[in-house]
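J.: 3D model of this:
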Amino acid sequence: MDWYILKVAFNREDSIADALRKKIAMEGMEEYFGEVVVPSEDVATFTRDGKKRITKRKLLPGYIMARMAINDDTWFLVRETGGISDFTGSAGKPMPMDPADVERFINRPVAEDEEEAPIKTAIPFKVGDRVRVKEGNFENQEGDVDGVDEANGRVTVIINIFGRSVPMELDHWQVEPV
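T.: Predicted coordinates:
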């Protein structure tokens, strides 16, 4: 069995993966299928009042992954599942995934000390974006994002004060786009 990527309706990945799993069970074709996965990672986001919230971010929006053996019956079952438009590949022929890609999306690396791997923070800014400070000593000052630290949820902003460029490290929720 190989891993394949299936193109599905955007923002319906979870429900379509569930529908495919149910259809596999109803048709009794479990021996031809392994896992059906929506690749995702945990990401820390912050509410407006600065509270941390853990959410799942899809690594491949609009796609799911299925481990399966390709034959006429399995191909037809997948194509007839609502919301699945096609396999990825060329000329209508499904292409199995490279093992390195499977490793990257499915078997995500975990920290060696058996604690959870650090959760990234979803920061909506990138280097060069113009932002305004929302709170603190430099409230309402504008500057440019100079660096983004997803691991700690912080951004470095260059603010011009008295004709001098001053780098400031702020939590990402303390700034907003201009």
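J.: farthest from the middle of the chain: give me that residue.
T.: Distance from the C-alpha centroid of the chain, by Cα atoms, centre = their mean, peaks at F162 (41.1 Å).
J.: who's in contact with it?
T.: Counting by Cβ atoms under 8 Å, 6 or more residues apart in numbering, F162 touches no other residue. Placement of C-beta: from N, CA and C, glycine included.
J.: may I have the phi/psi pair for it?
T.: F162 adopts backbone torsions of phi 50, psi 40, taken as degrees, to the nearest 10.
J.: ok, now how distant is it from A66?
T.: From F162 across to A66, the span is 60 Å (Cβ to Cβ, to the nearest Å).
J.: list the contacts of the longest helix along the chain.
T.: Longest helix of the chain, by residue count under DSSP state H: helix 13-27. With Cβ under 8 Å, 6+ apart as the test, helix 13-27 has contacts from 6, 8-9, 30, 33, 36-38, 58, 61-64, 66, 77-78, 80-84.
J.: show me what the helix or strand following it pairs with in its sheet, parallel or antiparallel.
T.: The helix or strand immediately downstream of helix 13-27 is strand 33-37, counting by DSSP states H and E. As defined by DSSP bridges, the strand partners of strand 33-37 come to strand 63-68 (antiparallel).
J.: what's the angle from the strand it pairs with to helix 13-27?
T.: With axes from the mean of the first three to the mean of the last three Cα atoms, to 10 degrees defining the directions, strand 63-68 sits at 30 degrees from helix 13-27.
J.: any idea of the mean pLDDT in the helix or strand just after strand 63-68?
T.: Next helix or strand after strand 63-68 toward the C-terminus (DSSP H and E): helix 72-79. Taken as a whole, helix 72-79 has a mean pLDDT of 92.
J.: check stretch 36-43 too.
T.: 88.
J.: what does it contact?
T.: By Cβ under 8 Å, 6+ apart, the residues outside stretch 36-43 that reach it are 13-14, 17, 20-21, 24, 54-60, 64-67, 105-106, 108, 119-122.
J.: quick one, which of these are buried?
T.: Neighbour counting by 16 or more other Cβ atoms under 10 Å classes 13, 17, 20-21, 24, 58, 60, 64-67, 105, 119, 121 among those as buried.
J.: want to throw these into a markdown table with pLDDT?
T.: Output for these, formatted as a markdown table (pLDDT from 0 to 100):
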| residue | pLDDT |
| --- | --- |
| E13 | 94 |
| A17 | 95 |
| L20 | 96 |
| R21 | 96 |
| I24 | 95 |
| K58 | 88 |
| L60 | 88 |
| I64 | 94 |
| M65 | 94 |
| A66 | 94 |
| R67 | 95 |
| F105 | 83 |
| I119 | 67 |
| T121 | 70 |
